[in-house]
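# sequence isn't available, so here's the structure alone:
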């Protein structure tokens, strides 16, 4: 049971990671990070529900709740930044943002 | 077991590579088939490993939906669809949470994510919407390396996971309290009260920050101001 | 010094203020510049300062003369210990010679103002050494101070008139000129009065500085600026040797000097000088005395413009004429002679060094006398004659008659200053033109100038009974005593001197009157310039009589005069002592007088009518051109030293940029190469960073799996 | 009271830097004035502290300090009943002694001048500029006041940062390259120095049998020499050499200097030349000589050769420069060569001459940089071929320029001469170096005249030459110097003359300290190695029964030869 949930969480996390690396649209990249959060939330709840030792507890759920709060904050700021960037650059291509480049 | 796992994951990785935007249409189709095959195989392996498990069918269903949605999120060339598939992913995840007796969390997830965050995403996507598909949506960045990395990562996790000692076959006892909302709330406001306050502060800061950043100002590029 | 005799007129402290009055005057003049006061009266502080020190110098001169006997007696009472040492060292077994040495070493007084430079403590002796600001008073000091300050005073007064235009309006930089002159008199007095070698070096360099500043007085003229720089640097070449000589002196003598004795004080140096005679210096097998003498000689050669470092002096004529008169003829350039004379106790220990002095002197005298034959610039002719006369003094030093050399310094100061000031007067009237081809017959418009110049030329030529005759004759006599070839060469040079001096005089003042248009209506100089000329002319006539005795008799010159008079006995109370002058020489006196007259007559024959075409040039042709081009020595030095050194500097600078930095570039190449190899990872592309993070994570996971 | 004054002297500028930095934009005109006021207060404090110096010189033990302040700063280790065990102590320990006092005075004097010279020269990012300048001040004063080796090192490195920014932001066209080169060069060297100092501290604890490692300056410089082998000391000397020699800069490690000087703003050049280079020489004097005297002895000749090479090399390079600032920078290479030559003569006169040289070089080269800066402000060029004949236009500037040039070439009566002649005299007479070092070093006084007069002649004399469109008087300057500029240069001019006439103002308080703190150590080492290697020789020189074998006796025998009246001539 635990293994199934953990594996599912890992798959979601890795898919999110791959998406983050591969996709060039900034919004999709942020969606991918949200997907990685989903994988982690599932993992957290699963570990709380089916602990390797001791009785099940609600701690996993509480952590997941905090994670949702963090995800919400991150989404708010990230989207604000995306809006700002789009306003200045008229593009959402991550590869077009190369201001740090020094050549 | 490990060999089978490797084959499944490799299949999935190749499928994903083909399905990512930027390939030929036929390759995309083939990739989607490969992905489906690998997802099913993976679940079969999981279920086979945990054979006597009451909720297995429900889990498998939800997991299939979630995986499908997740793959579509990262492979769909149009951001709006990606966002919508993400809603689907949230719903499937919520269902799984319900299965784990986390009803409150499931509700919160749907409300916060599908209700609030995703709507914001869609707004932003609409804001930046262009008439025709853009190059950065239909071209991927280093898809081969990305898929290879994902494969290796997942492979190392899965192998470790399957090699681990099998946990007790008997399903664990149910959670003590029936009303999970009360339990979670009690826990939040006693043990984790400080953390909760901090989370509130964080949300506030994010709120202020987001407003400050996105406020419309005269067009001055802060990154360029440092240069003379 | 050890002798503590007091002066009878003024206290030593009062005499010690002597150099500082002109300095004070200079500072006041500087203050006037800062206040931007009207320069009309800016000369007063300096004139008064120099006058005060001249008064002090005269007093000191008299005072020292009165004390000479006292000094002699005190040092005799002290001499046994010294003579004992002298014998012990085997320098001279003759007790009287040792006595003489001790007497000379301790002749004079010193007055210490304050400890100037700390030389640290001699290890574990708890014996602190100071280089003091201390003054040394003896016959040589008194004599030098006398003419330095008096001639300076006369020239400063002359400058009041010279540094103005025809309407009496001061030239630009008038105050600056007088401030520099005051500084110069201060420096020269410091040089002469110094009681140790470092203070001597101070005066030495300061007069060089004044020379630099005054040659470059018209700094906007490139020639003046270049000449100033050349003078300073050529002098520094000599000073380099001089400084090393001082170090060597300290090096050799610091072992001998006892507690409380500073091995750079004159008293200590001359007391222990005999130790230097036979000790090996460890350099080319020279004795310590020879090495030190040669090094000190470098300084003298530079300062007194001797071969091979004379090249700066002709160029120095770019300065205003009073400067040429004061610094580059009468006083500063004689500092080298003064120094060698002062160090007689060292130099006389080394026959080799004396021979070098003699050789340089002979070469310099002949070389520059020939160059003077073929010049047209009045001041340059005088400059070459100065070098030639200084070379005469060197010959005197080389022939072991330093008192005669100093005597020539003394007489030369008067007539050479006179000649330069006369030239200045001509220049003043001619609107700055100084080329003798462009004017002639000036005796009609400049009678006073012509008259005084005539006296000066006679004195320089060595015409009998004038100042130059007496002193020059002594040196020629000593040269004949040394070697007949040297004597003949000196006599010939004296003849050349008479010839070129009067060539200049006739070209300038005889013939039909004509002058360039720059002159306008030439007229005689103002009285403030003429009075100094007359005073100097008196000096040019009379100065020589300080050095002769009035002794009517058959073996006297003209039946009246004997050489070696008051001057020489006065100098005897100094480190010079009483050199052996040999005997006879009456015939030589007539001969040298005849040579001088012969030179003048020859000049009259060839140039008496101030011909427009130079007869010598026609006669001598190529040789004349060689002389006119000054033997191409300047060009030779430039090719031989200046340019190679500068190119070497370029090479070093290039090495800095390429070589040294190149090595660094190679060292830093390691990190740079690494960075170049890895720079693809840092291209500022966000996705690359993300990918590399993921790859890193994968790597870690795989590593973990592999290890587990 | 004195301790308060010293701490205030060091940290007041830092405090003021914060204030200046945070001034509101509309009050930024206050920044220069405030900085000047603070630096003048610093000067007054320094003067107050220096009053105690003569008393210090009379102190026999040599341990007394002015304004000593001492506290434990960073303590690592196990606190037990009897105090700390098995740990490391880093102390905040500052105080003035005779060796550091002249340099503190020099720093305190030059900071107000360099602040004042920036009034018109710096026109953008004004607050930051003055803040960095004040931060630099704290660093420089701290280095000289530090009595703990690690504290010294901290301040030593601390000076790099502000100067890096001063050069990198307010410098000339190649400022970035110059700043990085300066920073990396000096930093690379001083890291090795740091390693050496750490090693020395650890070894000191071992030798003294202590379980606590501390870095007290006095303890490290009075360590028993027999325990530290000669090889060890030589290696330690080499380690210290890396940092200090680059800072000095000693040939051939000097190539960062011309560039940094040329590109730095005037105040930066002034402080760099006048004070920061002295960190290197001070380091050699304070650390290398007394802490590893065997090493210093082993290396003395190498140091002498490098110093002489630096003198000649620097001078010849000067002569071919076209940029007058670069010329002055190269002259520093030459001058610091003199300083090192005197120091490694290991004679009293050489050491005091060397310290005097530090002060004099600070005054005259600092002043030259100021003058060059004033020319540059008006003409925006430092090219010798584009300038000429300025003396007629700017007689006051010309007078100052000539004065400082003369001081720089060692004209007697001015300050440069005294240090030059003592240094050369020492090198000539040193039994470690020898006459040839003195002779070759003395060529520097000749070459010095050549290049300095070359520069002065080009800039000041001859017909007037000005680049088109100049002089630029837009910043409220006048053609000749303004009152402010005269007020900057006048104190230096006065000091140049005063120290030439009365150099003992500096050297008198020094001599005792140099002897007891440095030379005695070196001689002890020397006597020890002489006894170790040539006992027979030592006995031969002085075969007297009394006091034979004592260290003092050997010292006497070895360094001054037979006493007067015994062997040699009286």
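Done, it's in. Owing to the predicted nature of the structure, the values given are computational and were not obtained by experimental measurement.

# does residue C:553 belong to a helix, a strand or coil?
At residue C:553 the chain is in coil, as set by DSSP: H, G, I helix; E, B strand; the rest coil.

# relative to chain B, how far out is it?
Distance of residue C:553 to chain B, given as CB to the nearest CB, to the nearest Å: 98 Å. C-beta here means a position set from N, CA and C on the backbone, and glycine is covered the same way.

# any idea how far that residue is from residue C:593?
Residue C:553 sits 18 Å away from residue C:593, taking CB to CB, to the nearest Å as the criterion.

# more neighbours, those two?
Higher neighbour count among residue C:553 and residue C:593: residue C:593, with 19 against 9, using other CB atoms under 10 Å in any protein chain shown.

# now do that one, the pLDDT please.
At residue C:593, the pLDDT value in this model is 89.

# tell me the secondary structure at the nearest residue to residue C:342 once chain neighbours are set aside.
Closest residue to residue C:342 apart from its sequence neighbours, by CB to CB, 6 or more residues apart in numbering or on different chains: residue C:575 at 5.7 Å. The three-state label given to residue C:575 by three-state DSSP is coil.

# longest helix of chain B?
In chain B, with assignment by DSSP state H, the single longest helix is helix B:25-49.

# that helix: how far from the chain's middle?
Remark: helix B:25-49 is offset 17 Å from the chain centroid, using CA atoms, centre = their mean, to the nearest Å.

# one more: stretch D:192-211?
25 Å.

# may I see the buried residues of that stretch?
Using 16 or more other CB atoms under 10 Å in any protein chain shown as the test for burial, stretch D:192-211 gives D:192, D:193, D:194, D:196, D:197, D:198, D:200, D:201, D:203, D:204, D:205.

# with stretch C:35-53 instead?
C:39, C:42, C:43, C:45, C:46, C:47, C:48, C:49, C:50, C:51, C:52, C:53.

# low-confidence ranges, chain B, go.
Residue ranges of chain B with pLDDT under 70: B:1, B:23, B:43-52, B:131, B:164-179, B:216-228.

# now do the helices in it.
With DSSP H as the criterion, chain B has helices at B:2-19, B:25-49, B:56-75, B:79-99, B:103-109, B:118-127, B:135-138, B:143-163, B:180-189, B:193-214, B:222-225.

# report the rounded mean pLDDT for the helix ranked longest in chain A.
Counting by DSSP H, the longest helix found in chain A is helix A:59-89. Averaging pLDDT along helix A:59-89 yields 88.

# for the longest helix of chain B, packing partners?
helix A:2-22, helix B:2-19, helix B:56-75 (3 or more CB pairs under 8 Å, 6 or more residues apart in numbering or on different chains; DSSP states H and E).

# so residue C:346 makes contact with residue C:266?
No. Look at residue C:346 against residue C:266 with CB atoms under 8 Å: they stay out of range, at 10.6 Å.

# who's in contact with the residue nearest in space to the middle of chain C?
By CA atoms, centre = their mean, chain C has its centre lying nearest to residue C:333, at 2.7 Å. When contacts are counted by CB atoms under 8 Å, 6 or more residues apart in numbering or on different chains, residue C:333 is found next to C:303, C:304, C:305, C:313, C:327, C:386, C:390.

# quick check: residue C:304 vs chain A, distance?
66 Å.

# got the residues of chain B near chain C?
B:141, B:142, B:145, B:146, B:149, B:150, B:152, B:153, B:156, B:157, B:159, B:160 (CB under 8 Å from any CB of the partner chain).

# so who does the closest residue to the third one other than its chain neighbours touch?
So the one you mean is residue B:145. Distances taken as CB to CB, 6+ apart place residue C:691 nearest to residue B:145, at 6.1 Å, with adjacent residues excluded. Listed by CB under 8 Å, 6+ apart, the contact set of residue C:691 reads A:21, B:141, B:142, B:145, B:146, B:149.

# tell me how many other residues crowd the closest residue to residue C:12 other than its chain neighbours.
Computed as CB to CB, 6+ apart, the closest residue to residue C:12 that is not its neighbour in sequence is residue C:111, at 4.0 Å. Residue C:111 is flanked by 20 other residues according to other CB under 10 Å.

# what are the bridge partners for residue C:111, then?
Beta-bridge partners recorded for residue C:111 (DSSP bridges): residue C:135.

# my read: it touches residue C:132, true?
No. At 9.9 Å, residue C:111 does not count as touching residue C:132 under the criterion of CB under 8 Å.

# any shared contact partners between these two?
Residues touching both residue C:111 and residue C:132 (CB under 8 Å, 6+ apart): residue C:195.

# can you name the residue of the stretch 201-350 of chain D nearest chain C?
residue D:348 (2.7 Å; CB to the nearest CB).

# look up how far chain A lies from that residue.
On the measure of CB to the nearest CB, residue D:348 and chain A end up 55 Å apart.

# go ahead and confirm that residue touches residue D:513.
No. If you go by CB under 8 Å, residue D:348 and residue D:513 don't touch, sitting 11.0 Å apart.

# so between the two, which is more surrounded?
Neighbour count, other CB under 10 Å: between residue D:348 and residue D:513, residue D:348 has more, with 26 against 22.

# closest to chain B out of the contacts of residue C:333?
Of those, the one sitting nearest to chain B (CB to the nearest CB) turns out to be residue C:327, at 56.4 Å.

# right, and the closest one touches residue C:214 too?
Yes. With contact taken as CB under 8 Å, residue C:327 and residue C:214 are classed as touching, separated by 6.4 Å.

# need the overlap of contacts for these two.
C:184, C:319.

# OK, contacts around residue C:24?
Taking CB under 8 Å, 6+ apart, one finds C:45, C:49, C:182 in contact with residue C:24.

# tell me which residue of the stretch 101-250 of chain C lies closest to chain A.
As assessed by CB to the nearest CB, chain A sits closest to residue C:229 within the stretch 101-250 of chain C, at 48.9 Å.

# show the model's pLDDT score for that residue.
Looking at residue C:229, its pLDDT reads 89.

# does residue C:690 touch residue A:20 like I think?
Yes. Using CB under 8 Å, residue C:690 is in contact with residue A:20, at 6.1 Å.

# more neighbours: these two, which one.
residue A:20 (24 against 19).

# that one and residue D:363, how far apart?
63 Å.

# ditto for residue A:2
80 Å.

# more neighbours: which of those two?
Neighbour count, other CB under 10 Å: between residue A:2 and residue D:363, residue D:363 has more, with 26 against 19.

# what sits against residue 8?
Just so you know, I chose chain A. For residue A:8, the contact set (CB under 8 Å, 6+ apart) comprises A:39, A:42, B:63, B:66, B:67, B:96.

# meant chain D actually
residue D:45 are the contacts of residue D:8 under CB under 8 Å, 6+ apart.

# that older thread, switch the buried residues of stretch C:35-53 over to CSV; also include pLDDT and secondary structure.
Listed next are the buried residues of stretch C:35-53 as CSV, based on pLDDT from 0 to 100; DSSP: H, G, I helix; E, B strand; the rest coil:
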residue, pLDDT, secondary structure
C:39, 75, helix
C:42, 82, coil
C:43, 85, coil
C:45, 88, helix
C:46, 90, helix
C:47, 91, helix
C:48, 92, helix
C:49, 92, helix
C:50, 92, helix
C:51, 93, helix
C:52, 92, helix
C:53, 92, helix
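
# name the nearest residue to the spatially most central residue of chain B, sequence neighbours excluded.
Centroid-nearest residue in chain B: residue B:70, 5.8 Å away (criterion: CA atoms, centre = their mean). With sequence-adjacent residues excluded and distances taken as CB to CB, 6+ apart, residue B:70 is closest to residue A:15, at 4.8 Å.

# and the one you found, what pLDDT?
As predicted, residue A:15 sits at a pLDDT of 93.
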